[in-house]
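Peer 1: here is my input, please return the structure:
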Amino acid sequence: MQDKKDEKDKKSSQLRSSIWFDDKAEPGETAVYLERYGNYGITREELQSGRPIIGIAQSGSDLVPCNRIQVSLADRVKAGIRDAGGVPFEFPTHPIQESGRRPTAALDRNLSYLSLVEILIGYPFDGVVLTTGCDKSTPAAVMAAATTNLPSIVLSGGPMLDGYMNGKLVGSGVVLWEMRRRLAEGDATGEELIEKVLDTVPSAGHCNSMGTALSMNSLAEALGMSLPGCGTIPAPYAERAKMAYRTGRRIVEMVREDLAPSKILTREAFENTIVVCSAIGGSTNCPPHINAIARHIGVDLDIRDWERVGHQVHLLANVQPAGEFLGEAYHRAGGVGAIFGELMQAGKIRTGALTVSGKTVGENYKDARSLDTNVIRTYDNPLKKNAGLLVVSGNLFTSALVKTSVISDEFRRRYLEEPGNEDCFVARAIVFDGPEDYRKRIEDPALGIDEHSILVVRGSGPVGYPGSAEVVNMTPPGKLIRQGIRMLPCMGDGRQSGTSDSPSILNISPESAVGGNLAILRTGDKIKVDLRQRRVDVLLSDEEIAARHKQLKPVEITNHSPWEEFYRSNVGQLETGACLEFAVKYHDLRKVVPRHSH
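Peer 2: Next up, the predicted model:
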């Protein structure tokens, strides 16, 4: 009996939770921490059993419908934790719902990150299951895991079931942009727009197109932070609940193995993630999120790595908006595993990267192949070749992104196939100061918008908006749409929805609100876009640009909440992840022993 007690004490002393619940040197403090947890029935024996205390970071709620499936999945996670010998503690995280939060959910990614860091280091956790779904909930959770370095595993909520419009597959988000074009051309009413959009949401789950949600949950698996197969299972599938159980079991094993994020989030893992992002036609919102995770774990990842590592990678996932299908078909064709398998066959993957399974990427996916080569193509028969992101710069900004996988044949013919001048065009700038200005004036005939125009929106970056808004994918005026021009070149210092099929120049850094040259741009200026040279320039002399800068008035910033003021005072630019700059110096916080509370 004494030997068993000694073994239990040894295991308990190795757990971080023991400094709360079993500190033999401070029984008075231990009593404080044990006392109130008993008021709902948990026992001292459980808390002092030497079993790992596992947090379940609950991102689902009525306020976050894209993650609401996690409320029901939590019981399966708890069952897995208990069966593996752990003790589960479920707690809420700050809500982030892309379609509900104004002015933008991006404003709260860093707030959710901060609060989750404080929960994980301030409470008695040995490991955590990170429940994710809607766009920003995934990077916020993984950023917190990176900072604390507590054994962590991601449980995605999964995409909703396939949606249809007029009998054809249509993805969440994708239908909105098309219906806005139809509204502008007079082919649909506002009531029809609303009804069509609502009709394409058939079930629980996040976006079923390759928007930011499906992209980031796929990339959580690509990073190695989810179990194989987790990133793509549709939310209503029974398989999703089974994955929740397996995830609960696995996090207890990870605590015992001391498998922390720093062993998983390596340079190799980030390069794999960039490659996978290109192959799935991932959202342009992924680079800021992935770069933020890299900064918080301490891995040097530059915005230009997205082109250097990822541009020459082919598009394999035939999923909207770049392709034809949606989340269900993507999952049934093999999901992230099939993407890895096809990329590994082509020698594009760093197979030695470790994952939460305890195995490497190469071990996890060595036998994976596409189960439907129409949905996930083989590498020698891609949907598009060299389909990764381009990183462009010029005299207006130091960096911006162009998503090449959504450049349509029609757009390419109109702008990028002039004989002798391929991948290059000059357009007249139509400048809007924020999305409100755009919506107010886009139909103004005095602007003279034609097919040789480029729509520019500024004041929409991390500081200017604040938070960086998804407003760059702008619809042309109705007159042009009726002429068959359904898309114009767009450019801005904000972002755009990952569900958008617009090949915009976006995520411009530095933004206009902090002195970027987009601030000096005027309607009528000529913009030269040269994708071959990776340049975007306003055709003005350096002297004229300098003169315009001298004429600029300071940007007037109006904060509407304490958080907005704090955010704006500390946030960086999109090219470096839009992090809170003071926060990136904090690492491995699980080793911190917090002071006693009483």
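Peer 1: was I right to think Asp83 contacts Arg249?
Peer 2: Yes. Assessed by CB atoms under 8 Å, Asp83 is found in contact with Arg249 at 6.1 Å. To be clear about C-beta, it is placed using only N, CA and C from the backbone, and glycine gets the same treatment.
Peer 1: which one of those two has more residues nearby?
Peer 2: Between Asp83 and Arg249, counting by other CB atoms under 10 Å, Arg249 is the more crowded of the two (19 against 12).
Peer 1: run through the neighbouring helices and strands of whichever strand or helix holds that one.
Peer 2: Secondary structure assignment for Arg249, by DSSP states H and E: helix 238-257. With contacts taken as 3 or more CB pairs under 8 Å, 6 or more residues apart in numbering; DSSP states H and E, helix 238-257 sits against strand 53-58, helix 69-83, strand 127-132, strand 152-156.
Peer 1: which strands border the very next helix or strand once past the second one, and is each parallel or antiparallel?
Peer 2: Think helix 69-83. On the C-terminal side of helix 69-83, the closest following helix or strand by DSSP H and E is strand 87-92. Neighbouring strands of strand 87-92 in its sheet, by DSSP bridges, are strand 53-58 (parallel).
Peer 1: what average pLDDT does the strand it pairs with get?
Peer 2: For strand 53-58, the mean pLDDT works out to 98.
Peer 1: contacting residues for the closest residue to Asp423 other than its chain neighbours?
Peer 2: Distance criterion CB to CB, 6 or more residues apart in numbering; nearest residue to Asp423, sequence neighbours excluded, is Leu531 at 4.2 Å. Leu531 is in contact with 390, 392, 402, 416, 423-424, counting by CB atoms under 8 Å, 6 or more residues apart in numbering.
Peer 1: please repeat the previous calculation with a cut-off of 10 Å.
Peer 2: Shown in contact with Leu531 (CB atoms under 10 Å, 6 or more residues apart in numbering): 390, 392, 402, 404, 407, 415-416, 422-425, 503, 505.
Peer 1: one more: Cys66?
Peer 2: 59-60, 96-100, 132-135, 137, 157, 159-160, 172, 204-207, 213, 235.
Peer 1: and if you look at Asn166?
Peer 2: Listed by CB under 10 Å, 6+ apart, the contact partners of Asn166 are 196, 199.
Peer 1: Asn149 versus that one, what's the distance?
Peer 2: Computed as CB to CB, to the nearest Å, the Asn166 to Asn149 distance reads 50 Å.
Peer 1: how about the strands of the stretch 101-250 of the chain, start to end?
Peer 2: Remark: strands assigned in the stretch 101-250 of the chain by DSSP state E, counting those that start in this stretch are 127-132, 152-156, 164-165, 168-169.
Peer 1: show me what the first one packs onto, helices and strands only.
Peer 2: Read that as strand 127-132. In terms of contacts (3 or more CB pairs under 10 Å, 6 or more residues apart in numbering; DSSP states H and E), strand 127-132 is packed against strand 53-58, helix 69-83, strand 87-92, helix 106-122, helix 137-148, strand 152-156, helix 212-222, helix 238-257.
Peer 1: ok, 8 Å please
Peer 2: For strand 127-132, the elements it packs on are strand 53-58, helix 69-83, helix 137-148, strand 152-156, helix 212-222, helix 238-257, judged by 3+ CB pairs under 8 Å, 6+ apart.
Peer 1: touching the second one from outside, list them.
Peer 2: For helix 69-83, the external contacting residues (CB under 8 Å, 6+ apart) are 54, 56, 58-61, 87-88, 90, 129, 131, 133, 155, 157-158, 204-205, 235-236, 240-242, 244-252.
Peer 1: show the buried residues in those residues.
Peer 2: Neighbour counting by 16 or more other CB atoms under 10 Å classes 54, 56, 58-60, 87-88, 90, 129, 131, 133, 155, 157-158, 204-205, 235-236, 240-241, 244-252 among the contacts of helix 69-83 as buried.
Peer 1: pLDDT on stretch 407-418, on average?
Peer 2: Stretch 407-418 carries an average pLDDT of 93.
Peer 1: could you do stretch 238-249 as well?
Peer 2: Taken as a whole, stretch 238-249 has a mean pLDDT of 98.
Peer 1: now the helices for the stretch 401-550 of the chain?
Peer 2: Per DSSP state H, counting those that start in this stretch, the stretch 401-550 of the chain carries helices over the ranges 409-415, 435-441, 478-482, 542-551.
Peer 1: can you tell me which of those is packed in deepest?
Peer 2: Stretch with highest mean neighbour count among the helices of the stretch 401-550 of the chain: helix 478-482 (a mean of 17; mean count of other CB atoms under 10 Å).
Peer 1: that one packs against which elements?
Peer 2: Using 3+ CB pairs under 8 Å, 6+ apart: helix 478-482 touches helix 174-185.
Peer 1: what comes up buried for the helix it packs on?
Peer 2: Neighbour-count burial for helix 174-185 flags 174-185 (criterion: 16+ other CB under 10 Å).
Peer 1: likewise for stretch 77-93?
Peer 2: Here stretch 77-93 shows 77-82, 84-90, 93 as buried, counting by 16+ other CB under 10 Å.
Peer 1: for those, which one is nearest Ile293?
Peer 2: Lowest distance from Ile293 to those (CB to CB) belongs to Thr93, with 16.4 Å.
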